[in-house]
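> below is the sequence, then the predicted model.
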Amino acid sequence: MTLAQPFPLRDVALHDGVQARAQEQMLHLARVYPVDRALAVLRANAGLDTRGAEPPGNWEDFGHPEEQPWSASDYPGAGVAPTASLLRGHYAGHFLSMLALAYASTGDPAIRDKSDSMVAGLAEVQGALAATGRFSHPGFLAAYGEWQFARLEELAPYGEIWAPWYTCHKILAGLLHAYEHTGSKPALEVAARMGHWAASRILRVDRAQRQRMWSLYIAGEFGGMNESLVILHRYTGEPSFLEAAAAFEMDGLLDAAVAGRDVLDGMHANQHLPMLIGHLTQYEATGDRRYLDAVLTLWDQIVPGRTFAHGGTGEGELWGPADTIAGFVGRRNAESCATYNLLRIARGLFGHTLDGRYVDYVERASLNHIVGSRADVASDTSPEVVYMYPVDPGAVREYDNVGTCCGGTGLESHVKHQESVWFAAPGELFVLQYVPSRLTWAEAGGEVELRTRYPREGRVTLAVDVDGPVALHLRIPPWARGRQQVRVNGAAHPAPVSATGFVTVRREFRRGDTVELTLPLPLRLVPTLDDPSLVSLELGPTVLLARDDATTTLSVAPAAHRLLDGSLAGADSDGDLVTVLGHTFEPAWSGGDRRHHMYLRLDDPDIAFRGSAPGVPDRHDQHGWSFLTGLWADGGYATIADFLAAAHRHALRAARAGLLSRAEVGAVLVAASSSTLDDPAVPRRGTTDPRLPAGRDWSERTDLVVPDARVWRSADPVEDLVVWSLPADVGAADAVPVIRLDVVGERAASGWYTSPPAFTVTVVSPGPGVSGVEAAVGDGNWQPVNGERPLPDGRHRLRARATDSTGRTFHATREVDVDTTPPVATARVRSLGRSVEVTLDATDEVSGVDRIQWRTAETFWGVYQEPFSRTLRQEPQVLEFTASDRAGNTTPVQRVELPPLD
C-alpha cells in the first residue's frame, strides 16, 4: 500500500554529528539502567519479588501502600480505594521499546540480552496475574488491577483513573518492538495473549459507549492501540485483532476530517495523534481509503497552522484555533510526545505520497525539537529530556522527566535518529535528511555513505558503492530551492527541483561514484502565520534561540541587514553560536539550558536598507502596516528589479496612507536604489530628477526594467542611475506626525516592570492643528491623555492616536508587561503510610510561575517539578519552600511540618 519504505534501523549506521550526540547519550542509559527498576511496579502488582529495586519514580512509582490489583467486582469505589501513580507501567513499555530499537541501531548483544530479560519479566508478571484467577482473561498484563478499564467503561473521569488503555498500548508496543527488532518469539506470545484480552474486553462494549469513553479528557486516551492491534494481526493473522483495532476510533473526528471540517480547537493533541498513526496502519491492512484521507486532512489542519517554529504543537497539551501561532504562544507550549507522534505520521504520509513537504516537517521537528529536547549531558538514571519545549519569551528547557509520558517517548526517540534518512522503492533511493550515516542497501548489493557536517555546513557528499541503474532522489529544503548545486563525479549535473521537492540523479551507477549536493544556509527571519511582525530566526534548517534573561519579547531592527533574498548579513559565528541583530543565538538542537527566545518582534523605528538609510521614520497605520512590513512581507526577491518595483509600490501606498510625505518618498526610493543588498558589481544610485547629469555618456539599460523608473549606465565612471517618476498626487500633503509612547519606571532584568509604572504620549514634530491625543490599554476605551497614566499588573498592548488639521488619524502601539506581585504558593501533604506525598502548588495569573524550590535541613534547594514523596521519621521534619514568577518576584520562604512516624 506504500510507494516507498524506510530502511530497517539495522541497515543504517549513524556517524558523528548533531544527532549522534543525543543518540550516544541515550544509548548509555540503555546500557546501564537496571531492568529490575523498569519491572518493579509490574512485579509488585503481581505479588512478585521486586528484587529490592526501586521504581523509576515520578509517574512511574509504586501505588498506594494499601492499593490492591482490584478486578471490576472487588474495586472498593471512588473515594474509598486508596490509589496513587495510576499510569504506572507505561514507562516499562517505553523502556522495552528503547532496548529493542537500541539493539536494532547498534547490534549490541548486551542490549538484546536486556531486552530479553524485560520480556521474560513481563511474561512472568502476566503468568502471575493469570494465576490469581482475578481477571477477565489470562492475557491481562498491567501494573494495577483491571478495575481501571472497567471504570472507564462506566465513564469514570481522569482523577479516579488515568488512561488505562494508553498504558496498555505502551506495554504492547514494547513487546511488538522486541519481536520486530530482536526476533523474540516470547515477546510475540506475551503480546498475543494481551491482544486476546484486549479484544475480549473492548469488543463487548457497544460502539456508542466507546465513543463516550474516547471523548473523556485523558481518561479516554488510548494511545496507539489501533496501530498495535493491526501490527499484531499482521504478525499472527488473528482476525479479532483487526476487528478490535477498529474499536479504537473516534467517529466524530474521522467524519469531520473526511468532510474537511476542522474541529481540533480545544482538543488534547497527544490524545489523538497516536490514533492517526493507527489509521495509516488500518488503511494499509484494509485498503479503506477513508483512513488515509482523514489523516491527510488532519495533517493539513495541524501543519503548519498549529505548529511552532521548531515543529512542536499545542499549549498545555491542547490545540488552539486554526492558523494561530503568535496568538497561541503561552507558558506550556509544545509537548514532546506530540512531536514524536507527528514525526511518525509524517514518515507514514511520505511513504504513501512521496511528497517532500512531509519530510520538510520531519527535518524541522526532528532536528530542532527532538534533538534539542535531550540535554547535552550523560546520565545513568534519567532520560534527560524535556516534557514541553517552550516557545515563550525567556523560556527554559526543563530536562529529566523520568517516568513521564515524554520521558518515555524520549527513551525511544534518541536511539533511532537514523530512521528518517533513507527510503527506497524498486530501483529508487530517497535521501530525506542529511544526517551523517552509512546505508547498507541489500537489494542493490552495496552501500551508500552520506558524509556531511550538515546542519553546520551545507555541503553533502554521497559515496555510492553500488552497481546498476538507480534513481537517486535528493530532497531540497524549501529555503534552498533554486540555489542548490549538484555534481556527479565532479561534473555539474542539471538539478531542477520537482513539484514534490526533490532533485533526481538518474544514472547507471558504478562503485566509487560520488554525488555532491551544495545547499546554501541562509540566515533568515520567518514570520508567524498570524503576525508577520513576530518572527523566528533560522539558519538553514536550524531554528536559532536568542540567549537573554528577559522574559518579555525581544525586539530587533533587521532592515539594514537584509539582503536581496530577505536573508540577513552581518552575522558573526563562534562555533555553533551566532551573533547578529545585537543578540547571541544558539541552535535549538543544542541541548542547552539557558533562557531562550524562539520568537522576536520586528521593530525598525526608521526605514533602512543595507548600505543606505534615508533618515525617514517607518510609520505604521492603525492596522500595523508600514513601508518595511509591506516590503519584506514575502521574505525577499529574486532580482533587483523585483525589489525596486516593490519599493516603489509600497512607498506609494505609504504616501497615500499619509505615512510618507512626497519628499520622504523620494528619499526612500533614492536610498533603495543605492542599497548594496544585492552586492552590485557596478555602483548604483537613484534620483527623482529626470535630468541626467551632464558631461557623461549615458545609455539606457534594457536588461533592467523597473516600472515607473528608467535605469541608465554611464561609462566613465561606471555606475547605474535609477531615475524615478512619481505621480503628482503622491505625498502632496505632509506626512502624518509621529506619535510616541513612553513608559515611566524601571524595568527588571526580566523585561517586566516589577514596580508600578506609568506611560505618557508625545506627538513629535506635530505640525499645525494636532488635536485629540488619546490612549487605550488593550481593547479598552479611548481616553484623553493628560500627563502620566498608571498601568496595573498585566501584559498590555498600549495604543495611542491623534488627529491632524487635515483630519488624518495617526497611531502608535507598544507592548508593556507589568507584574508587581509574587506568586501564591501552597503545600499539600497526603499520607502514604510510612511516607507522605508532598504537592507544592503556585499560581501567578500575570507573568506565570517560573519555579518552586524546596529544601529540608539536610538538602539543598531543589526545583519542584511533580509531587514527590518523603519518608517519615521518628521526629517531625520541616520543609521550606518558595516560589518565583517569570517577572522576578519571589515569595517569602514558607514552612510546612511533616508529622513524625506513628
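Thanks, I have it. Since the structure is predicted, the reported quantities are computational estimates derived from the model, not experimental observations. Residues are numbered from 1 along each chain as shown.
> please enumerate the helices of the stretch 751-900 of the chain.
Remark: no helices are assigned in the stretch 751-900 of the chain by DSSP state H, counting those that start in this stretch.
> how about the strands in it?
758-764, 771-777, 783-784, 789-790, 794-803, 809-818, 824-831, 835-843, 849-855, 862-863, 868-871, 877-885, 894-898 (DSSP state E, counting those that start in this stretch).
> looking at those strands, which is closest to residue 524?
Residue 524 lies closest to strand 809-818 among the strands of the stretch 751-900 of the chain, at 23.8 Å (C-beta to C-beta). No exception for glycine: its C-beta is placed from N, CA and C like everyone else's.
> that closest one: which residues count as buried?
Neighbour-count burial for strand 809-818, counted by 16 or more other C-beta atoms under 10 Å, picks out 810-812, 816-818.
> now that strand, how far from the centre of its chain.
Relative to the centre of its chain, strand 809-818 is centred 30 Å away, using C-alpha atoms, centre = their mean, to the nearest Å.
> what does stretch 209-220 give?
In terms of C-alpha atoms, centre = their mean, the centre of stretch 209-220 is found 27 Å from the chain centre.
> pLDDT averaged over it - what is it?
For stretch 209-220, the mean pLDDT works out to 94.
> which positions within it qualify as buried?
210, 213-214, 216, 218-220.
> and if you look at stretch 184-204?
184, 187-199, 201-202.
> and the strands of the stretch 751-900 of the chain as CSV, adding distance to residue 654 and mean pLDDT?
Output for the strands of the stretch 751-900 of the chain, formatted as CSV (distance: least, C-beta to C-beta, whole Å; pLDDT from 0 to 100):
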stretch, distance to residue 654, mean pLDDT
strand 758-764, 18, 88
strand 771-777, 23, 90
strand 783-784, 28, 92
strand 789-790, 30, 92
strand 794-803, 18, 91
strand 809-818, 12, 88
strand 824-831, 48, 89
strand 835-843, 46, 85
strand 849-855, 42, 82
strand 862-863, 50, 57
strand 868-871, 58, 71
strand 877-885, 41, 90
strand 894-898, 56, 92
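> closest to residue 604 out of the ones you listed?
strand 809-818 (14.2 Å).
> need the contact partners of that closest one.
552-553, 601, 619-622, 624, 658, 736-741, 743, 751-753, 756-757, 759, 761, 791-804, 846-847, 887 (C-beta atoms under 8 Å, 6 or more residues apart in numbering).
> select only the buried ones of these in ChimeraX?
The buried residues among the contacts of strand 809-818 can be selected in ChimeraX (16+ other C-beta under 10 Å) with this line:
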select :552,553,601,619,620,621,658,736,737,738,739,741,743,751,752,753,757,759,761,791,793,796,798,799,800,801,802,803,804,846,847,887
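> show me the contacts for residue 270.
221, 314, 317, 335, 337-338, 341, 405.
> just the element for it, please.
Element membership for residue 270 (DSSP states H and E) is helix 269-286.
> go through that helix and flag the buried ones.
For helix 269-286, a neighbour-count test (16+ other C-beta under 10 Å) marks 269-285 as buried.
> residue 455 and residue 606: what is the separation?
Distance of residue 455 to residue 606, computed by C-beta to C-beta, to the nearest Å: 34 Å.
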